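Chemist: Fold the stuff below for me.
(4 chains)
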There are 2 protein chains.
Amino acid sequence: MVSTTRSVGRPRVSVLSRRLIAETALRLLDEGEDAGFRMTDLARALGVRVSSLYNHVSGKSAVYAEIREILSERIGEDAAPSPHWDVALRDWARAYRAAFAAHPSTVAVLAVLPVGESSMVSVAYNDLVTQLVSAGWTPAESMNIIVAVESFILGSALDSSAPQDMLDPGGRTDVPVFAAAYEARRETAARDGVAPADLAFTLGLDALLVGLRSQLAARPV
Amino acid sequence: MVSTTRSVGRPRVSVLSRRLIAETALRLLDEGEDAGFRMTDLARALGVRVSSLYNHVSGKSAVYAEIREILSERIGEDAAPSPHWDVALRDWARAYRAAFAAHPSTVAVLAVLPVGESSMVSVAYNDLVTQLVSAGWTPAESMNIIVAVESFILGSALDSSAPQDMLDPGGRTDVPVFAAAYEARRETAARDGVAPADLAFTLGLDALLVGLRSQLAARPV
DNA sequence: ACCTGAACACCGTTCAAGT
DNA sequence: ACCTGAACACCGTTCAAGT
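Modeler: Next comes the predicted model:
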């Protein structure tokens, strides 16, 4: 938030940049209650008028694209490489989900936004495919594994970002078993001090990896 | 599309209903290029003015909620019950994904929309939890399994609904292994006459179930 | 109770004018 | 090249009037 007023015309030093705009938008998303952000609010937070933004980004979706870049860079930083394909895949999945789970309101939008040409995301894919292929998977299988794991990650991130009571049976009496299980899950999570969504993610990721290992082991050499 | 013009005032027979509105919106979503639908277009398709819609639904999100009901009813119809928990889970997952994959543009919205009280979805959960518990899983585990599988389904449905070239490395030369694997995957899918996204879904679902079976088998009795 | 017609509100985007 | 100010466009929602 900049409090000085600025007159019309080009300022002496440039106030904005594509990256700064995206970082500010990300902050607004984190602070805000609701899913999106307003271009007006984004401009105000930058101490600028809305129309100024369009000198740096082509529109709102370009801001989201830049946000994806920010987040995907963090995935690369957090995921330490491992010589074991399954460990590498697991760590990548955890870092991927953590990056999104830290910014829940971005998930729904980014999940459907195409990956741009310049994206760092492709580099991470390249590394993973390399490792999977050298472990014995075919290139096509490697792609499918990555897409499957990524689908699970995005779905889990969506689940984390969904309202708490997304599935809450509430006061319904016609689904007693479901209601009891819902409650048991909440208690288990509370006792472990984690979010219910984390339990499901851990369970699912473990199951996926166990399954993949066993499928790789079972194949003809 | 109704071509007759109607004068002001209450018509002799009611033209609209909540269900009809949602069915028409679903049809618009299927036919349309882009992700959403316009209330104006929805009204026109029903031969009515926009404001009329608000006599039956509280707003656009209520239309989406009704669409979810329509789709979830179809899941129930398609998924045949099985005495084996893993088969039941697999069939449910397939039916679930098929229902969404048939209407790609609904996925992104429905994934973040809370499940209403009256939803049929809860009934399906109740049945699945019952079956999982009697197979030996705890209630909390059963919930986590369902949530994990559902996350995978929604993520996969998002993947199916994403633009074809969502991950396309295009002409990039800095990610050769990824580009080759991407191409290999496309060829494999083309040879089998299925969408690439289907391959990833099948592989991932199989891995998940193999993993879950082995985890259930490995536990102390 | 349920439709029409007109108005309002919100918000993303454009563009000439200014330095 | 980059900001301001004003206008425009689009679209969801509201509400009085009419039967």
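
Chemist: OK, contacts around residue A:82?
Modeler: Residue A:82 is in contact with A:88, A:91, counting by CB atoms under 8 Å, 6 or more residues apart in numbering or on different chains. All C-beta spots, glycine's among them, are computed from the backbone N, C-alpha and C.

Chemist: do that again at 6 Å, thanks
Modeler: residue A:88 (CB atoms under 6 Å, 6 or more residues apart in numbering or on different chains).

Chemist: which residues in chain A form helices?
Modeler: Ranges of helices within chain A are A:18-31, A:39-45, A:50-53, A:60-78, A:85-101, A:104-110, A:121-134, A:139-161, A:176-192, A:196-218, based on DSSP state H.

Chemist: can you list those helices in CSV and add mean pLDDT?
Modeler: Formatted as CSV, those follow (pLDDT from 0 to 100):
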stretch, mean pLDDT
helix A:18-31, 95
helix A:39-45, 96
helix A:50-53, 96
helix A:60-78, 89
helix A:85-101, 93
helix A:104-110, 84
helix A:121-134, 90
helix A:139-161, 92
helix A:176-192, 95
helix A:196-218, 96
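
Chemist: nearest to residue B:154, of those helices?
Modeler: Among the helices of chain A, the nearest to residue B:154 by CB to CB is helix A:139-161 (4.3 Å).

Chemist: what helices or strands is that closest one leaning on?
Modeler: Other elements packing on helix A:139-161 under the criterion 3 or more CB pairs under 6 Å, 6 or more residues apart in numbering or on different chains; DSSP states H and E are helix A:85-101, helix A:104-110, helix A:121-134, helix A:196-218, helix B:139-161, helix B:176-192, helix B:196-218.

Chemist: before we move on, the earlier item: of the helices of chain A, which approaches DNA strand D most closely?
Modeler: Minimum separation from DNA strand D across these (CB to the nearest atom of the strand) falls at helix A:50-53, 2.7 Å.

Chemist: How about the closest one, which residues are buried there?
Modeler: By neighbour count with 16 or more other CB atoms under 10 Å in any protein chain shown, helix A:50-53 contains the buried residues A:52, A:53.

Chemist: next one: stretch A:55-67
Modeler: A:56, A:57, A:60, A:62, A:63, A:64, A:65, A:66, A:67.

Chemist: and it, is it in reach of DNA strand C?
Modeler: Yes. If you take CB under 7 Å from any atom of the strand as the test, stretch A:55-67 does meet DNA strand C, through A:58, A:59, A:60, A:61.

Chemist: one step back: hey, which of the helices of chain A is tucked in deepest?
Modeler: helix A:139-161 (a mean of 25; mean count of other CB atoms under 10 Å in any protein chain shown).

Chemist: In CSV: the helices of chain A, plus distance to residue B:124.
Modeler: Formatted as CSV, the helices of chain A follow (distance: least, CB to CB, whole Å):
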stretch, distance to residue B:124
helix A:18-31, 33
helix A:39-45, 40
helix A:50-53, 45
helix A:60-78, 33
helix A:85-101, 26
helix A:104-110, 23
helix A:121-134, 34
helix A:139-161, 17
helix A:176-192, 9
helix A:196-218, 17
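
Chemist: Can you name the residues that contact the spatially most central residue of chain A?
Modeler: For chain A, residue A:100 is the residue whose C-alpha lies nearest the centre (CA atoms, centre = their mean; 2.6 Å). By CB under 6 Å, 6+ apart, the contact list for residue A:100 reads A:107, A:157.

Chemist: And the one 5 residues further on, by the same measure?
Modeler: The neighbourhood of residue A:105, defined by CB under 6 Å, 6+ apart, consists of A:29, A:35.

Chemist: Same check on the one 4 residues further on?
Modeler: For residue A:109, the contacting residues are residue A:64, by CB under 6 Å, 6+ apart.

Chemist: mind redoing it with 10 Å?
Modeler: Shown in contact with residue A:109 (CB atoms under 10 Å, 6 or more residues apart in numbering or on different chains): A:29, A:35, A:36, A:60, A:61, A:64, A:67, A:68, B:108, B:112.

Chemist: possible to save the residues you listed as a markdown table with distance to residue B:42?
Modeler: What follows is those, written out as a markdown table (distance: CB to CB, whole Å):
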| residue | distance to residue B:42 |
| --- | --- |
| A:29 | 29 |
| A:35 | 22 |
| A:36 | 22 |
| A:60 | 24 |
| A:61 | 24 |
| A:64 | 27 |
| A:67 | 31 |
| A:68 | 31 |
| B:108 | 18 |
| B:112 | 21 |
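
Chemist: For DNA strand C, state which of the residues you listed is nearest.
Modeler: For these, the minimum distance to DNA strand C (CB to the nearest atom of the strand) is 3.8 Å, reached by residue A:60.

Chemist: gap between the closest one and residue B:61?
Modeler: 20 Å (CB to CB, to the nearest Å).

Chemist: same check, this time on residue A:201
Modeler: Per CB to CB, residue A:201 is found 27 Å from residue B:61.

Chemist: and if you look at residue A:102?
Modeler: Separation of residue A:102 from residue B:61 (CB to CB) stands at 26 Å.

Chemist: Output the contacts of residue A:109 as TSV; include the columns distance to DNA strand D.
Modeler: Converted to TSV, the contacts of residue A:109 look like this (distance: CB to the nearest atom of the strand, whole Å):
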residue	distance to DNA strand D
A:29	21
A:35	14
A:36	14
A:60	13
A:61	15
A:64	19
A:67	19
A:68	22
B:108	15
B:112	16
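
Chemist: What is the nearest of the residues you listed to residue B:23?
Modeler: Distances from residue B:23 to these, taken by CB to CB, are shortest for residue B:108, at 19.9 Å.

Chemist: these two touch, right, that closest one and residue A:112?
Modeler: Yes. Contact criterion CB atoms under 10 Å: residue B:108 and residue A:112 qualify, at 4.9 Å.

Chemist: overlap in contacts of the two?
Modeler: Both residue B:108 and residue A:112 are contacted by B:35, B:158, B:161, B:162, under the criterion CB under 10 Å, 6+ apart.
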